[in-house]
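Trainee: 3D, please:
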Amino acid sequence: MQQRVIPSSELIINSDGTIFHLHLKPEQLADTVIMVGDPARVAMIAAYFDSVECEASNREFKSVTGSYKGKRMTVMSTGIGIGNIDISVTELDALANIDFATRTIKSDFRRLTLVRLGTSGALQADIEVGDIIFARTSVGFDSLLGYYAGRNEVCDLEMERSFMEHTQWSNVLAPPYFIDADQELWEHFKDSVKEGITIAAPGFYAPQGRYVRLQPADCNLNEKIESWRYYGRRITNFEMEGSALAGLAKLMGHRATTICTIIAQRVAKQAQPDYKPFVERMIRMALDKLAALE
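Mentor: So this is what the prediction gives:
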């Protein structure tokens, strides 16, 4: 069967041979990729590298590839939100698995390890500011994964049904999707983190239950989320990107997860604006763990 040639309108390659948004060339991408939201956090992580081989920057997408304790890594910022994860993961996969010269899928699959390091708000009273939560399951309040074939095959539909029934989920919203992180990564990190079920919201305000001037459609949604239980498991925290990362990576065959430092206690309605020391602790832990990962 003749291979599909991907049109230039579907996969845009810049004149210098870099991919459209990320401005990286295939050979500049490491197999291990640390993803962060804030472009300034790229420099914070790259400062720990033993050596740096290349840097790239375009809009909110800033990347540095280097080495930490002998392990080649790329750290990349994505900016905020699900849409940017769709761009980032798709283009990272293309760098790894598309032949740019022929615009066809390579015969040998290259698996990436994608670890998002983020900040987050806790949804349970016993989770403290500074805790590090590993999203063993990510919950997508966005509708992104439904645009891709295979959505139901990689999601936990029974968990989804349980959650929707408990929260009396509105029919004007897309059904939330529940998708597990890579099991290898969970086993590797579990002695240094707390297990979580992490919601990725498509916004910072009403989608996370915040009431500034516009009232949320369901002012009790956060209370319903906090009280939901599934075989002893519970929702632990809010962030804004992890579901798309987990879902796209699973559909593509990569291993991925999201790890977050808690910087706000939503139940106690408290936040820690000076959270840099907590983030640095998470970064050091993650770098050491990834350097030791096979």
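
Trainee: going forward, measure contacts and count neighbours with C-alpha atoms only.
Mentor: OK.

Trainee: After the lowest-mean-pLDDT helix or strand in the chain, heading C-terminal, what element do we hit next?
Mentor: Of all helical and strand segments in the chain, the minimum by mean pLDDT, DSSP states H and E falls on strand 270-271, at a mean of 74. For strand 270-271, the following helix or strand on the C-terminal side (DSSP states H and E) is helix 276-291.

Trainee: Which positions in that following helix come out as buried?
Mentor: Neighbour-count burial for helix 276-291 flags Phe278, Val279, Met282, Ile283, Ala286, Leu287, Leu290, Ala291 (criterion: 16 or more other C-alpha atoms under 10 Å).

Trainee: And it, what does it pack against?
Mentor: strand 113-122, strand 255-265 (3 or more C-alpha pairs under 8 Å, 6 or more residues apart in numbering; DSSP states H and E).

Trainee: Out of the ones you listed, which gets nearest to Phe20?
Mentor: Smallest distance to Phe20 across these (C-alpha to C-alpha): 19.7 Å, for strand 113-122.

Trainee: hmm, who's touching the helix or strand just after that closest one?
Mentor: Following strand 113-122 in sequence order, the next helix or strand is strand 132-140 (DSSP H and E). Residues from elsewhere that reach strand 132-140 (C-alpha atoms under 8 Å, 6 or more residues apart in numbering): 176-182, 186, 190, 193-201, 242-244, 246, 257-262, 282.

Trainee: Go through these and flag which are in strands.
Mentor: Secondary structure from DSSP state E places 177-180, 194-200, 257-262 of the contacts of strand 132-140 in strands.

Trainee: Let's check: the centremost residue of the chain is which one?
Mentor: Central residue check for the chain by C-alpha atoms, centre = their mean: the C-alpha nearest the mean position is that of Gly242, 3.3 Å away.

Trainee: Read off the pLDDT value for that one.
Mentor: Here, the pLDDT recorded for Gly242 equals 97.

Trainee: Surely it and Thr257 touch.
Mentor: Yes: here Gly242 reaches Thr257: they are 7.2 Å apart, a contact under C-alpha atoms under 8 Å.

Trainee: shared neighbours of these two, anything?
Mentor: With C-alpha under 8 Å, 6+ apart, Gly242 and Thr257 have common neighbours Arg116, Ala135.
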